[in-house]
Every structure is written in structure tokens, then in C-alpha cells.
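> here is my input, please return the structure:
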Amino acid sequence: MFHTEVILVDYQDKAVLRQLMEFYMYDFSEMEGLDVNAHGRFEYKYLDHYWTEDGRYPYFILVDGKYAGFVLVKKRGVLNEDCFFIAEFFVMKKYRRNGVGHRAATQVFDRHRGAWEVGQIKNNLVAHAFWRKVINQYTKGQFFETIVDDDRWHGPIQTFTNWKEAE
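Residues are numbered from 1 along each chain as shown. The predicted structure is shown next:
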């Protein structure tokens, strides 16, 4: 089993996160119809906000000390403004389907106690299945799922709270 660790991204490592974001957005380009910009890069317009706004938390996912992905958390949900929200979650293909994503998600949830929302875009069925399984196990089935289809969001959102310490 891989040793999985989630660590906050220091500002000086923002370029590494930006590079990992390229892989993530490339994966999403198929589902979301994303194109590269005039410089041949995908643009994630909120990246700098993770160092300039309160309530945003960028994390690297490390596996055996190597970069394996990232998690971006913000303190503002879709249904509830006063909750934590997984803004972006990415695990590189090499590390998928072996528990890395599950362990990373659990570590992030444990770092931020309170109300949570985790949303998936409507046509990302793989992400929907992943998050339902992870959240079901993490909460022992104590979560709700809402389907949203309006100007705020398009797809399922799981909600739960984790006020108590992890068992």
C-alpha cells in the first residue's frame, strides 16, 4: 500500500500546483469541452485566490513523498455558504483505484471540522461513484445527496458534518 499524505501547498510551490492543474484540466477537457489558451495552456482563474483570500486551502497529495495530485478546499459551498467545499480534486492516473484518493479525501475532511459539501458535475459518473463511496464510509452513511440543476451547480452534491473527532 502507498503512503499517502496531504500537505498544504506553500506559495513558493504554486508553480508545481499550476503544472498539476494542467493535467487535471486536460482530463476534464473531454467532459467539459475545455480548450487551451493562446499559449497552449489551460487556465484556472482561481488559482491565485488560494493565497490571497481567506477560507481557501490548497493541498498537495503526496504518495511515498512524490506528487500524486491535489485538493483545493474553499469555505463556501453551493447550498450553504458557511461550509467547506471540495473545489477541485485530482489524483494522477498512476495512483487511481488503489485507495490514494480515499485516504487523501479522509485526511482533508479530518483537517476541517464542520459542515461539508462535495459536488460533482452532472456527467462525471466516475467521480459521483467515488465520492458517494468515500463519504458513505467516512460518515457511516450519515450524509445527504441533493441533485442541483440551476445557475449555481449542475449535478449531485453530498452534504455531511464531521464535528466529532474521527474514530
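
> confidence score at the closest residue to Asn80 other than its chain neighbours?
Among residues not flanking Asn80 along the chain, Ala115 sits closest, at 6.0 Å (C-beta to C-beta, 6 or more residues apart in numbering). Yep, even glycine has a C-beta here, placed from its N, CA and C like the rest. As predicted, Ala115 sits at a pLDDT of 98.

> contacts only, for Ala115.
Ala115 is in contact with Gly77, Asn80, Asp82, Cys83, Phe84, Thr159, Phe160, Thr161, counting by C-beta atoms under 8 Å, 6 or more residues apart in numbering.

> now with 7 Å?
Counting by C-beta atoms under 7 Å, 6 or more residues apart in numbering, Ala115 touches Asn80, Asp82, Cys83, Thr161.

> grab the CA positions of the helix or strand of the chain with the lowest mean pLDDT and hand them over as PDB.
Using mean pLDDT, DSSP states H and E, the weakest-scoring helix or strand in the chain turns out to be helix 14-32, at a mean of 81. Output of helix 14-32 as PDB, limited to C-alpha atoms (Å, rounded to 0.1, in the frame of the first residue of the first chain):
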ATOM      1  CA  LYS A  14       2.400  27.400  -6.600                       C
ATOM      2  CA  ALA A  15       4.100  26.600 -10.000                       C
ATOM      3  CA  VAL A  16       4.100  22.900  -9.100                       C
ATOM      4  CA  LEU A  17       0.300  23.100  -8.400                       C
ATOM      5  CA  ARG A  18      -0.200  25.000 -11.600                       C
ATOM      6  CA  GLN A  19       1.500  22.200 -13.500                       C
ATOM      7  CA  LEU A  20      -0.600  19.500 -11.900                       C
ATOM      8  CA  MET A  21      -3.700  21.600 -12.700                       C
ATOM      9  CA  GLU A  22      -2.800  21.300 -16.400                       C
ATOM     10  CA  PHE A  23      -3.100  17.500 -16.100                       C
ATOM     11  CA  TYR A  24      -6.400  17.800 -14.200                       C
ATOM     12  CA  MET A  25      -7.900  20.200 -16.700                       C
ATOM     13  CA  TYR A  26      -6.700  18.100 -19.600                       C
ATOM     14  CA  ASP A  27      -8.700  15.200 -18.000                       C
ATOM     15  CA  PHE A  28     -11.700  17.500 -17.800                       C
ATOM     16  CA  SER A  29     -11.400  18.900 -21.300                       C
ATOM     17  CA  GLU A  30     -13.200  15.800 -22.700                       C
ATOM     18  CA  MET A  31     -16.200  16.200 -20.400                       C
ATOM     19  CA  GLU A  32     -16.400  20.000 -20.200                       C
END
